[in-house]
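Colleague: Just need the structure, nothing else, for what follows:
(one chain, ligands or ions: 2)
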Amino acid sequence: MIRFEHVTKRYPDGTTAVDDLSFEVAEGELVTLVGPSGCGKTTTMKMVNRLIEPTEGRIFLDGDDISTLDPVALRRRIGYVIQQVGLFPHKTVLENTATVPHLLGHPRRKARERAAELLELVGLDPAVHGGRYPDQLSGGQRQRVGVARALAADPPVLLMDEPFGAVDPVVRDHLQSEFLRLQQQVRKTVLFVTHDIEEAVRLGDRIAVYGGGSPRGAGGGRIEQFDT
Ligand code: ADP
Ligand code: ADP
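Modeller: Ligands and ions are numbered 1, 2, ... in the order given. Prediction:
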């Protein structure tokens with residue numbers, strides 16, 4: 001489903017963030033990408049939705065070379081969740097979640113119904129949390145909204161970049177188990193980045209470890225893969 005072929009990313013200042021990376025994530029598989037800070041995990045993710053272009057190599061999504069796809073169309077096929085999800089501060093949780101379905105052409109009422117379903121799916125109560133504003137939520141609840149929003153376009157692929165990295169350990173544990181339950185229901189192809197090896201082992205069908213291939217810590221070429 002997602003395939004990296006000899007992908008290298010060098011930033012203009014000469015930093016090699018990803019070095020000759022080749023690996024793939026099968027359809028419906030949850031692969032965790034683990035490695036220390038600075039080893040190139042975020043760069044790897046951003047190349048999949050074309051926020052960053054590789055210097056060399058190619059990335060395929062469901063057989064399509066992503067460099068040939070329109071970035072907007074590409075991002076419809078990919079849900080993206082980051083550590084600090086950016087929600088619109090002046091919109092309620094329900095409105096934040098309904099934005100994507102509305103943009104995709106659902107009339108406002110349908111979009112809100114869809115948003116309510118998504119909130120339930122991630123363990124929030126639309127009647128309770130739906131009317132709140134982002135700053136009235138706990139950190140864990142905000143991350144749940146981020147997951148709901150990423151699922152809104154029903155993309156086959158989810159990219160998750162340390163989505164539970166900024167919440168305390170008890171909440172993280174809770175979010176992890178809910179995410180596993182959710183994944184059993186929705187079966188997305190997931191690339192999940194973390195620097196927490198326990199999280200990687202717990203969540204991943206397979207884990208890919210960035211091995212620190214260069215003196216500056218870039219991984220890429222030295223990736224090792226394990227079944228969990
Ligand atoms: P990780 O997500 O594993 O912490 P990143 O992909 O963010 O790693 O970064 C990999 C390497 O690339 C690091 O050495 C980082 O400092 C460097 N890097 C990231 N973004 C840029 C940039 N825009 N310009 C130059 N170097 C960058
Ligand atoms: P967490 O440990 O999950 O980060 P918090 O201590 O941030 O939890 O929040 C605990 C509860 O208080 C949550 O149910 C959250 O919805 C609620 N809460 C947090 N901030 C506000 C606020 N500004 N207004 C109303 N409720 C809030």
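
Colleague: Return the nearest residue of this protein with respect to ligand 2.
Modeller: When distances are taken as CB to the nearest ligand atom, the chain reaches nearest to ligand 2 at residue 138, 3.0 Å away. To be clear about C-beta, it is placed using only N, CA and C from the backbone, and glycine gets the same treatment.

Colleague: Find the nearest non-adjacent residue to that residue, please.
Modeller: The shortest distance from residue 138 to any residue that is not its chain neighbour, by CB to CB, 6 or more residues apart in numbering, is 7.4 Å, and that residue is residue 171.

Colleague: Please work out how many residues are found near the residue of the chain closest to ligand 2.
Modeller: Residues within reach of residue 138, counting by other CB atoms under 10 Å, total 11.

Colleague: Could you do residue 38 as well?
Modeller: Summarising burial for residue 38: neighbours were counted as other CB under 10 Å, giving 17.

Colleague: Where does the prediction get shaky in this protein?
Modeller: Along the chain, the parts satisfying pLDDT under 70 run over 211-223, 228.

Colleague: So for stretch 203-210, first residue to last residue, what's the gap.
Modeller: Across its full length, stretch 203-210 reaches 17 Å between end residues, using CA to CA, to the nearest Å.

Colleague: For that stretch, give me every contacting residue.
Modeller: 23, 29-36, 39-41, 176, 179-180, 192, 194, 200-201, 219-220, 222-228 (CB atoms under 8 Å, 6 or more residues apart in numbering).

Colleague: which ones among those are found in strands?
Modeller: In this view, those that belong to strands under DSSP state E are 23, 30-34, 192, 194, 224-227.

Colleague: hmm, which of those residues are the buried ones?
Modeller: 23, 30-34, 192, 194 (16 or more other CB atoms under 10 Å).

Colleague: will you turn those into CSV that also has distance to residue 87?
Modeller: Formatted as CSV, the entries for these read as follows, by distance: CB to CB, whole Å:
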residue, distance to residue 87
23, 32
30, 25
31, 27
32, 25
33, 25
34, 27
192, 21
194, 22
